[in-house]
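In: Here is my input, please return the structure:
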Amino acid sequence: MTRTTSGKHPGTVASAGSAEAAARPAPHPQTPRTPRTPPAVGKVRRLPQRWRKAILTLHVTVAVGWVGIEIAQLILGLAGLTTDDAGVVRATRVVMEILGIELIAGIAWTALLTGLILSAATQWGVLKYYWIVTKLVITVALMLNGHFFLQHWLREQAEVGKAPESLSLQLVIVMSIALGLLVTATALSIYKPWGKSRRGRRPTAKSTRP
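Out: Sure, this is the predicted structure:
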């Protein structure tokens, strides 16, 4: 008598399992989560675009005004040296005093402050690039020269009835140097030479532990 085996055929079971596996929806591949990077230490807080443009406009305006005043003073100084008319000499000296004392101080401070804001609140930084450091040195040097020397010489030239020509010549030389430095500062803003300074090459953030 032949014994009959109970249960399903192994091939039938395998086929059913394959059908169930095919019917199941394929799991969606999980995208690896990117770890959040902590904010960089000392990260610069950027100015909004409209504020940056407004401050940049003011900075360029006062910088151009400063150059214009130096050119005007230089022309007046040369005119006073080359004329024999006492009235013209007196007028040039009075106008030079007004320009050099009443106007330049406010313009210089505005140029300095707006320049510092634009550097500190943008990617440039105040001391990160050599051209910015050079511009800062030029601006501060011109302001110190104007405060401690130039204003005194302009007052002396305007108050003295007949100031010596040596003083007027000295003022013309100083103003020529100041104009050259301002043109240099303008060129630095355009060409941006020399790259990053030693401070700018330092890493701005420490590597975090995993």
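
In: Pass me the low-pLDDT residue ranges in the chain, would you?
Out: Across the chain, the ranges flagged by pLDDT under 70 are 1-45, 161-162, 203-210.

In: what about the helices in the protein?
Out: For the chain, applying DSSP state H gives helices covering 10-23, 49-82, 86-97, 104-120, 130-145, 151-159, 165-191.

In: Tell me which of the ones you listed sits nearest to Gly200.
Out: Each of the helices of the chain has some distance to Gly200 by C-beta to C-beta; the shortest is helix 130-145, at 8.5 Å. (Glycine included, C-beta is placed from N, CA and C.)

In: Glu102: neighbouring residues, count only.
Out: Applying other C-beta atoms under 10 Å, we find 9 other residues in the vicinity of Glu102.

In: Likewise for Leu74?
Out: Neighbour tally, Leu74, other C-beta under 10 Å: 19.

In: how close does it get to His59?
Out: 23 Å (C-beta to C-beta, to the nearest Å).

In: again with Thr92
Out: Noted for Thr92: a distance of 30 Å to His59, by C-beta to C-beta.

In: neighbour-wise, which of the two wins?
Out: More neighbours surround Thr92 than the other of Thr92 and His59, with 23 against 20 (other C-beta under 10 Å).

In: quick one, what contacts that one?
Out: Leu76, Gly77, Ala79, Gly80 (C-beta atoms under 8 Å, 6 or more residues apart in numbering).

In: can you check Leu188 too?
Out: Residues in contact with Leu188 (C-beta under 8 Å, 6+ apart) are Trp131, Thr134, Lys135.

In: ok, 10 Å please
Out: Residues near Leu188 by C-beta atoms under 10 Å, 6 or more residues apart in numbering: Tyr129, Tyr130, Trp131, Ile132, Val133, Thr134, Lys135, Ile138, Trp194.
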